[in-house]
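missing the sequence, but the structure's below:
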Ligand SMILES: NC(=O)C1=CN([C@@H]2O[C@H](COP(=O)(O)OP(=O)(O)OC[C@H]3O[C@@H](n4cnc5c(N)ncnc54)[C@H](OP(=O)(O)O)[C@@H]3O)[C@@H](O)[C@H]2O)C=CC1
Ligand SMILES: NC(=O)C1=CN([C@@H]2O[C@H](COP(=O)(O)OP(=O)(O)OC[C@H]3O[C@@H](n4cnc5c(N)ncnc54)[C@H](OP(=O)(O)O)[C@@H]3O)[C@@H](O)[C@H]2O)C=CC1
Ligand SMILES: NC(=O)C1=CN([C@@H]2O[C@H](COP(=O)(O)OP(=O)(O)OC[C@H]3O[C@@H](n4cnc5c(N)ncnc54)[C@H](OP(=O)(O)O)[C@@H]3O)[C@@H](O)[C@H]2O)C=CC1
């Protein structure tokens, strides 16, 4: 069993760290807003620390799950990296740019540390159930350790390549999701405006060519106007910016993704940034007829 | 067992009529290009007729599966309708406008006939395996007869409402599909341009929020550049026109659907009209890097 | 001077017929809603008739400016055409499909009549000032007569080709306009959200690469939120449908036009169908910051 | 007359610096690739320097016209700023982010320097003819000096607000341009595919609601397939990224701009990055009919 420092106890990190603690690892956790860390330590076996440095001190592995590039940069600053023991494994579950992962991997390598970007998918529910999909970008030699450590919350893990590749795979995920949800929203809106029982339509089209995880898991809440759950528009926009930036570099054309990104922006302006990504339905007109 | 006239032995109609014949119904089939009807009659128990009128003479049910509105209008002309016995059930499996279905239902009612629009989904494979999903628009009183007759090739059937509603449900299906495939194509392109093993990416994202029937069933052929199968771009464009026209009437906004429709038009101009709808990938640039 | 029948005294037709009357032609006018024709006859020298047939009886030329395809078809029915003298020139100023113009030209030719589609641009103001641009689709032999007759309200006229070509040129106009206005709306919105004096920005960018008739003539009203004038969203949508249908046939890809058409649809659902096309600005968010 | 340091003798800077020299100012010029500076010094009265530091030494004003944010940062580094005399006026004609302008203005203020972002429009032709439009972001107190110094190449100048505001106005310009050109390209393509004489169509629609600088000045070259001039796709993409980033911050929705940006990306992948922005026409299909 290992000593693991876990930084970032948000919707995802909180239950992930919990799984690690429950599986017997020695957990030290840190959260910017300390009372979440305290609550965590009451619920799970492990220690709530008050600074990143004390949390990571002598840890075998340091795991992060925070917000965005800037947040990771702030935590994994030179000072903190300098304190870590040689060979320490850093696993970043944050969805960030690939560039950040590449930079950090290079900086870690210089210090004898091992860095892996391992963004996840599966949502808060997946984190709670320990059923996440993990996309790893890491040195081949580090992969087994990552698999072992992350096992308590992992349903599926793949190593996509060197550092940065985990993030790139996650981008593919988000690109596939954005257009898909808009398409589903257009379909649901149309069903409703056509005077159909949209629920029933989803039942009959839900097995074939139109079917998707989103259709299965979101059509009902969308039709009910429930968007107060799931993956927030604000997060999605952050991720789509990352995708669009990376596409600039790798020469991909993302017309629908770029368009849907703007639609998410309209939702943010309407104050819907905290709602689930399926809130795209809210932008579409209810027929006045 | 009933006497059934089946008009249109294309990719879909041929196997559908076959299932009916194999299940014991008395089949009379017609196809514009007669040799397909002859071939059918060699493969299945039933009679190949040379005109719609002889095919439908004294039939209990008349089933169509042809191309588009104009084709249905041509076949179900006043002369033909006038010859049918009162109470005959007409089932149109063609994907058409809802307007056509409404018109035909009205004209049939005047003549004491019963009309149902029952577009299908599931593709040629679904037709061959007798595993189609059927979306019925019909009088409530006619539904049981439709369920019984279509059972040999049906996995799932729902009555969505009166005539026209089957077509409207099929439109929802196509709207959900169009944006979804474009999103998937953008994702696959990105994966490739990012230097990832796209196959592997699909494996890891294929269970969660990005997952879809298209991702599961098409990513491999898309990556292999195989588009010579499935549902043709030309058919899709026909269907999207129907959707966009209906949206004009019911007040829906379909920005992504309208955009993808134009992209399908670009494929048609490139001579890709006969390829599968997943050919959207062909429009997207392979990175020059 | 000729005897001219003018059908349709809407925003455009009313002043156009007035110019003809003022220039010395013998005018007989018809309007579906008769009191407009009466009002016209009080303002201009000419006769208000109560039926299309009496209006067009023995006329040298029949001019139309009504709403859409169906309206033209209704007026120029077989009965009416049969009553016209051989050689009568029919000039349709309505914006319609090219298909309609082609059909009518063929039907007229059969009856020894001469048909020309001559859609206009320049707006109500251009009609009032007699400063319209005319796009003629007609037999070469008829062009001189058309030029002569339409002179009182024409600033510029071109013969683009045979019947239908006038409408196609008008479509080019509308395609250029739709994306342009959306771009302008995006720019104005951005200027405002950026905290700039948008008026001043228009002044400085209004001479160069970003400049356009719309920028010059509409930015002020757009910024003032004045949309109660000009060319209505409902008319624009009708026209864009015509463009998109024609593009289907001629193999053009209109991604931005198709997208903006959906945005116009959203305006219609918001009850803004009667507002000027520049109302696209209303769809865009005012920054909450 | 003042001593002016001019950094960046590209398509724009070369003639701009020339106008300054011709109008009697004492010019010292620098270009990364020195032979351009030498050529310049042969053509105009002034001195070609070999380093930014020698160029700017004791200058009254320092003017830049280089490529992008990073280039400006590289030139205006702390070392160079520290060498400038208090009160020196820095005028950046580069199109950059507003953020850069704000940062530089703050850093300059700390050093007793005066910074203004003054992006231009009018193209290389405007630079050669001394007929540019200038959008100034500067302290009110500095505006008169800027007007005086830039007069030799300026047709129109406006102060839009404090530093950053010039760049924001230029963004409005680019947003208006991007969608406008795509609309024009769609129209020209349509005209051609419709079998019209596109030149003639432009003539007849070129006065009214569809008219624009781009239509007037680019339709002929677009139809001739001439794109080897003007403002390059690569520059446009740089600018649109700046616009889209700023829109993220100010809450604007730019659906058409975002879409056209992707289309420009497709051109880049086709190797058309150096062509004029009007090359959007190349993406659109020539009808196979
Ligand atoms: N293919 C698919 O995966 C799916 C198709 N559909 C829909 O099902 C319908 C049929 O598709 P599919 O079978 O693939 O198409 P095909 O092109 O394979 O077959 C069309 C059939 O209709 C006949 N036909 C067409 N026009 C006429 C006419 N005017 N008069 C008489 N017969 C005519 C054709 O006759 P001929 O042999 O002489 O050409 C042919 O038998 C379409 O509406 C399609 O949109 C729905 C779901 C899936
Ligand atoms: N307005 C503009 O700025 C421009 C308009 N156009 C085009 O010109 C045409 C006319 O536009 P505009 O004058 O603005 O439209 P209006 O709605 O103001 O007028 C339409 C006219 O057509 C008549 N009409 C409509 N349908 C019928 C019918 N079925 N039978 C008889 N009369 C009918 C109306 O009669 P009633 O009075 O009874 O309703 C009315 O006189 C349209 O095609 C439009 O697209 C072109 C360029 C600019
Ligand atoms: N061209 C146009 O029509 C318009 C351009 N603009 C904007 O004006 C700016 C200049 O455009 P343009 O003149 O066309 O561009 P060019 O590429 O022709 O010139 C760029 C100039 O910047 C210099 N440069 C670039 N990077 C650096 C660096 N890191 N250090 C030193 N010098 C550098 C180049 O030097 P070197 O010669 O060594 O490459 C060159 O002199 C851009 O921001 C552009 O967006 C604005 C309006 C119109």
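In hand now; what should we look at? Keep in mind that what you see is a predicted model, and the values were worked out from it rather than measured. Ligands and ions are numbered 1, 2, ... in the order given.

what helices or strands is the longest strand along chain A leaning on?
Secondary structure of chain A read by DSSP state E shows that its longest strand is strand A:154-161. When contacts are defined as 3 or more CB pairs under 8 Å, 6 or more residues apart in numbering or on different chains; DSSP states H and E, strand A:154-161 sits against strand A:132-137, helix A:143-150, helix A:165-193, helix B:198-205. Yep, even glycine has a C-beta here, placed from its N, CA and C like the rest.

Could you report the pLDDT at residue A:6?
We have a pLDDT of 98 for residue A:6.

Need the three-state assignment for it.
Assigned by DSSP: H, G, I helix; E, B strand; the rest coil, the conformation of residue A:6 is strand.

Taking the stretch 51-200 of chain A, what residue is nearest to ligand 1?
residue A:187 (16.3 Å; CB to the nearest ligand atom).

confidence score at that residue?
98.

I'd say it and residue B:175 touch.
Yes. Contact criterion CB atoms under 8 Å: residue A:187 and residue B:175 qualify, at 4.3 Å.

which bits of the stretch 101-250 of chain A sit near chain D?
Listed as neighbours of chain D in the stretch 101-250 of chain A under the rule CB under 8 Å from any CB of the partner chain: A:237, A:241, A:244, A:247, A:248.

Tell me who's in contact with residue A:238.
Residues in contact with residue A:238 (CB atoms under 8 Å, 6 or more residues apart in numbering or on different chains) are A:67, A:68, A:95.

what comes up buried for the helix or strand where it lies?
Assessed by DSSP states H and E, residue A:238 sits inside helix A:233-250. Of all the residues in helix A:233-250, those buried under the rule 16 or more other CB atoms under 10 Å in any protein chain shown are A:233-244, A:246-248, A:250.

Looking at the residues you listed, which is nearest residue D:62?
residue A:248 (30.9 Å; CB to CB).

and the closest one, how far is that from ligand 2?
Noted for residue A:248: a distance of 41 Å to ligand 2, by CB to the nearest ligand atom, to the nearest Å.

What are the neighbouring residues in contact with that residue?
Contacts of residue A:248 by CB under 8 Å, 6+ apart are D:237, D:241, D:265.

where does the stretch 151-289 of chain A dip in pLDDT?
Within the stretch 151-289 of chain A, the ranges that satisfy pLDDT under 70 run A:288-289.

For it, what lies in contact range of ligand 3?
Among all residues of the stretch 151-289 of chain A, none is adjacent to ligand 3 (criterion: CB under 6 Å from any ligand atom).

Where does the stretch 151-289 of chain A get nearest to ligand 3, residue-wise?
residue A:248 (16.3 Å).

Likewise for the stretch 1-150 of chain A?
residue A:99 (20.2 Å).

OK, contacts around that residue?
residue A:164.

Residue A:155 too?
Counted by CB under 8 Å, 6+ apart, residue A:155 has contacts A:122, A:126, A:130, A:131, A:132, A:133, B:207.

just checking, residue A:200 touches residue B:158?
Yes. Counting by CB under 8 Å, residue A:200 touches residue B:158, with 5.7 Å between them.

Helix or strand: which one has the residue nearest to residue A:30 when sequence neighbours are not counted?
Sequence neighbours aside, residue A:55 is the residue nearest to residue A:30 in space, at 4.0 Å (criterion: CB to CB, 6 or more residues apart in numbering or on different chains). If you go by DSSP H and E, residue A:55 is part of helix A:52-56.

What residues of stretch A:114-130 count as buried?
Under the neighbour-count rule (16+ other CB under 10 Å), stretch A:114-130 has A:114-123, A:126-128, A:130 buried.

in stretch A:68-75, what's buried?
Buried residues in stretch A:68-75, counted by 16+ other CB under 10 Å: A:68, A:69, A:71, A:72, A:75.
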